[in-house]
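>>> Got a predicted model here, sequence first, then my questions.
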Amino acid sequence: MQTDDERYIGMREFSRVDAHIPLEIYRVPPDKREGIRSKISGEAFPAEMRALPDLDDKLLTDWLKMLNAKLDALIGMLVLQREGFCSLSLADVNISGGGMSFTSRERYGIGEVLELKMMLPLLPPVALHAYGEVVKEELLADGCRSAVKFIAMEEEIRDEIVKFVFKRQRDILREMRK
């Protein structure tokens, strides 16, 4: 039989880690839940627009690819700024590929769907709009600890979260060895 802790957040099928990430949380009203889908911000560029063809002049090709990479980085930063990712508040979370928990002053009900706008500090940073269903609530003296199970999420997005979790675990192990 599963314990409450095993039931909440993806039944512990993924590694989890404590982290300090930019995060903003929004309630998703019941009438807006149909068709929600987690997404990585900045996915609007078609893949064929990102690749440059190779030219006969290798030096010119390398130079153009470097300029293209810089332009992609600048456009990415502008998209993040436009979508409000640069002004997110930092939050302490416990995150895995199956879900996350966080503390807040606001109380959310079990079964409520939340939009989690977050930035994963990878290189380059990954800006996500993820969705989670509240599966556990714990009242604290100064607020509430909520746990959500990720929903409406494709494997590509889950893989980015798992990549962040493993990077964070490696960082923690490096710090412990010092």
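That came through, no problem.
>>> Would you map the helices across the protein?
Here the chain has its helices, by DSSP state H, at 4-7, 47-50, 58-82, 155-177.
>>> for those, which one sits closest to Ser101?
helix 4-7 (10.4 Å; C-beta to C-beta). To be clear about C-beta, it is placed using only N, CA and C from the backbone, and glycine gets the same treatment.
>>> any idea of the mean pLDDT in that closest one?
The average pLDDT for helix 4-7 rounds to 48.
>>> in the sheet, who's paired with the spatially most central residue of the chain?
Closest to where the C-alpha atoms of the chain average out (C-alpha atoms, centre = their mean) is Leu128, at 4.4 Å. Applying DSSP bridges to Leu128 gives these bridge partners: Ile40, Met118.
>>> My read is that it contacts Glu160, right?
Yes - at 7.1 Å, Leu128 counts as touching Glu160 under the criterion of C-beta atoms under 8 Å.
>>> Give the residues shared as contacts by these two.
Ile40, Leu120 (C-beta atoms under 8 Å, 6 or more residues apart in numbering).
>>> Low-confidence ranges, this structure, go.
1-12, 42-52, 76, 80-81 (pLDDT under 70).
>>> Domain map for it?
Per automatic domain parsing, the structural domains of the chain span 17-41+85-178, 42-82.
>>> Could you say which of the ones you listed is packed most deeply?
Highest mean neighbour count of the domains of the chain: domain 17-41+85-178, a mean of 16 (counted as mean count of other C-beta atoms under 10 Å).
>>> gap between the two ends of that domain?
Counting by C-alpha to C-alpha, to the nearest Å, you get 20 Å between the two ends of domain 17-41+85-178.
>>> Mind putting the helices of the chain into a markdown table with distance to Leu139?
What follows is those, written out as a markdown table (distance: least, C-beta to C-beta, whole Å):
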| stretch | distance to Leu139 |
| --- | --- |
| helix 4-7 | 15 |
| helix 47-50 | 47 |
| helix 58-82 | 34 |
| helix 155-177 | 27 |
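>>> Nearest to Ala141, out of those?
Ala141 lies closest, by C-beta to C-beta, to one member of the helices of the chain: helix 4-7, at 20.8 Å.
>>> hmm, who's touching stretch 23-38?
84, 88-91, 93, 102, 104, 106, 108, 112-119, 128-131, 150-154, 157.
>>> just the CA coordinates of it, formatted as CSV?
In CSV, the C-alpha atoms belonging to stretch 23-38 read as follows (Å, rounded to 0.1, in the frame of the first residue of the first chain):
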residue,chain,number,x,y,z
LEU,A,23,8.5,30.9,-10.2
GLU,A,24,5.0,32.4,-10.5
ILE,A,25,1.8,30.5,-9.9
TYR,A,26,-1.6,31.1,-11.4
ARG,A,27,-4.9,29.3,-10.8
VAL,A,28,-6.4,27.8,-14.0
PRO,A,29,-10.2,28.3,-13.9
PRO,A,30,-12.3,25.1,-14.7
ASP,A,31,-13.6,26.6,-17.9
LYS,A,32,-10.0,27.2,-19.2
ARG,A,33,-8.6,23.7,-18.4
GLU,A,34,-9.6,22.1,-21.7
GLY,A,35,-6.7,22.0,-24.1
ILE,A,36,-4.0,23.2,-21.7
ARG,A,37,-0.5,22.1,-22.7
SER,A,38,2.8,22.7,-21.0
